[in-house]
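Visitor: The following block contains a protein sequence and its predicted model.
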Amino acid sequence: MSVLIRFVIGLTFGLGLLISGMSNPAKVLNFLDLAAIGTGAWDPSLMFVMIGAVVVTFVGFRLVLKWPRPILGETFRLPAKTDVDLRVIIGPAIFGVGWGVAGFCPGPAFVALGYGSSASIQFMIAMLVGMAGARALAERQPALAGSLYE
C-alpha cells in the first residue's frame, strides 16, 4: 500500500510541475535572469511557487510532528546533525550553479523526460554521473562517507 501512496504523491508532484510550467527550463532561467527585471522579460512565477512550497512545508511539519508517529512508518527520521560543514555549503552551491546553467533540478528534469527533449536527457545523464562520482569520492574518503550516508 505504501508504494501506491508514494506513487500518487510523486504523480501529484509531477502534475503540479507540469501545470505550473516549472518543468520548463526556460521558465526557471527567465526567473534567474535578474538583468531582465524591469524589461518585461523577467518571470517571477517561480518565486510564488517557492513561497507556496515553503508555506505548505512549514505548516505541514508543524502539524505532522505533533503526531505520535508517521502514517507509513514506525518513527520520524529527522536529521541528527545540525552543524554546518563544508558539504552543506558545497553541495547546495553545486546544485544552484547547475540549476542556473541548465534550468533543471532533479524533480522537474524527471518530468521533462516525458517531453523527450535532448536537454532533459543530457541533464539526467550528467546528474547520474555526478551522483556516482560523489558516491565514489565519499567511499574513497571514509570520514566523508560516514557523514554522507547517515
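Guide: Okay, I see it. Note that the coordinates shown come from a computational prediction; the quantities given were computed from them, not determined experimentally.

Visitor: And the top helix by length along the chain, what's buried?
Guide: For the chain, the helix that runs over the most residues, judged by DSSP state H, is helix 118-140. Neighbour-count burial for helix 118-140 flags 120, 123-124, 127, 138 (criterion: 16 or more other Cβ atoms under 10 Å). C-beta here means a position set from N, CA and C on the backbone, and glycine is covered the same way.

Visitor: Could I get those residues in a markdown table, plus columns for distance to residue 39?
Guide: Formatted as a markdown table, the buried residues of helix 118-140 follow (distance: Cβ to Cβ, whole Å):
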| residue | distance to residue 39 |
| --- | --- |
| 120 | 28 |
| 123 | 27 |
| 124 | 32 |
| 127 | 32 |
| 138 | 44 |
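
Visitor: so which pair among these is furthest apart in space?
Guide: The largest separation in those, counting by Cβ to Cβ, is between 120 and 138 at 26.7 Å.

Visitor: I'd like to know how far the residue of the chain most remote from its centre sits from residue 108.
Guide: Within the chain, the residue lying farthest from the chain centre (Cα atoms, centre = their mean) is residue 39, at 29.1 Å. Distance of residue 39 to residue 108, computed by Cβ to Cβ, to the nearest Å: 25 Å.

Visitor: Also residue 128?
Guide: If you measure residue 128 against residue 108 using Cβ to Cβ, the figure is 16 Å.

Visitor: what do you get for residue 8?
Guide: Counting by Cβ to Cβ - residue 8 and residue 108 are separated by 19 Å.

Visitor: same question, residue 135
Guide: 23 Å.

Visitor: cool, and residue 98?
Guide: 12 Å.

Visitor: Repeat that for residue 20.
Guide: Distance from residue 20 to residue 108, by Cβ to Cβ: 10 Å.

Visitor: Please say which of these two ends up with more neighbours.
Guide: Comparing residue 20 with residue 108 by other Cβ atoms under 10 Å, the one with more neighbours is residue 108, at 25 against 16.

Visitor: What sits closest to that one if chain neighbours are left out?
Guide: Distances taken as Cβ to Cβ, 6 or more residues apart in numbering place residue 23 nearest to residue 108, at 4.2 Å, with adjacent residues excluded.

Visitor: Having no further points to raise, I will conclude here.
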